[in-house]
Structures are given as C-alpha cells and as structure tokens.
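Participant: sequence first, predicted model second:
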Amino acid sequence: MVKSKKFIVSIIVGSFLMAYQSYSSAETKPQKTQGLDASSLQQFPLAAQIPSMDGYELRGRRIVVAPGGTVTEHSHADRPGIVYILEGSLTEYRNGVGRIVKPGDTWAEEANTVHWIENATDKPAVFWAVDIVKKQ
C-alpha cells in the first residue's frame, strides 16, 4: 500500500512539473529566429489563375528547424497558410498555450493566427508550409 501511495504521489508531482515546464516555456518567447533552413520549392503569381489575386503569389516551402531552433512570434494577418509536419516534432505556441506537433499533424495559419515555434528536441523537425504572400 505504501508503494502505491508513493507511485501516485510521483505521478501527481510529475504532472505538476510537466505543467509548470509547459507554462514557463510558453512565457519565454524567443527574441530571434534561429536554427531555421527554409527552401522555396515553388512560388508563382496567382493573377494568371485568379485575376483578382494580382500582386499575390502562392508559395510552397520545405522548412527545417534544427534542435533548439526557434521561430519568433509572428502574425499571419496578411499571409494565410497551411503547415504539414513531415519529420520530428515541434511545439507551436498560440495564446500562451503550447501543443506538440508530430509527423502527419497539420495546422492552418489564418488571419487571426499569432504564434511562435520551437524545436525542444535533439532531432531536426521538417515541415511544409504553403502560403499566400504579397509579390515582392
């Protein structure tokens, strides 16, 4: 009986520590983007397909976030997109709440999306990001 009480206490303490770690990480937004390698796979003007989209391009990128890498907090108010995780795992933070994403996971980056990302693992994370951007 004493062993099972110790086991239960260990689980409770471990849960609190994990929750605290998640909370404190969410409070520590990175000051700069680092450990990021973005390769443009395709990018083309949308006006030829949709005339009202003149001045905008559809862009597809393969992005690798190195272990310990971060992407600073940013908005998608003018750059909607979709992300698909290919390899590794990342933590995506929105509104101070982090969620771990793994291969096969996806998310939308809509006009109201403000988020930041970190790779808190010891392996690179790879994802595809497809978005609409203003032509430069």
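Facilitator: Sure, I can see it. Numbers count the residues shown, from 1 in each chain.
Participant: worst-scoring helix or strand of this protein, pLDDT-wise?
Facilitator: When each helix and strand of the chain is scored by mean pLDDT, DSSP states H and E, helix 2-27 comes last, with a mean of 50.
Participant: state the next helix or strand along the chain beyond it.
Facilitator: Downstream of helix 2-27, the first helix or strand assigned by DSSP states H and E is strand 34-45.
Participant: residues near Y56, how many?
Facilitator: Neighbour count of Y56, defined by other CB atoms under 10 Å: 17. Every C-beta, even on glycine, is put in place using the N, C-alpha and C of the backbone.
Participant: same check, this time on T106
Facilitator: When counting by other CB under 10 Å, one arrives at 11 neighbours for T106.
Participant: for T70, same thing?
Facilitator: Here the count is done by other CB under 10 Å, and T70 has 23 residues near it.
Participant: can you name the residues bridging to it?
Facilitator: Q34, E118 (DSSP bridges).
Participant: just list the residues touching it, thanks.
Facilitator: Counting by CB atoms under 8 Å, 6 or more residues apart in numbering, T70 touches 30, 32-35, 116-119.
Participant: now with 10 Å, please.
Facilitator: Listed by CB atoms under 10 Å, 6 or more residues apart in numbering, the contact set of T70 reads 28-36, 90-91, 116-120.
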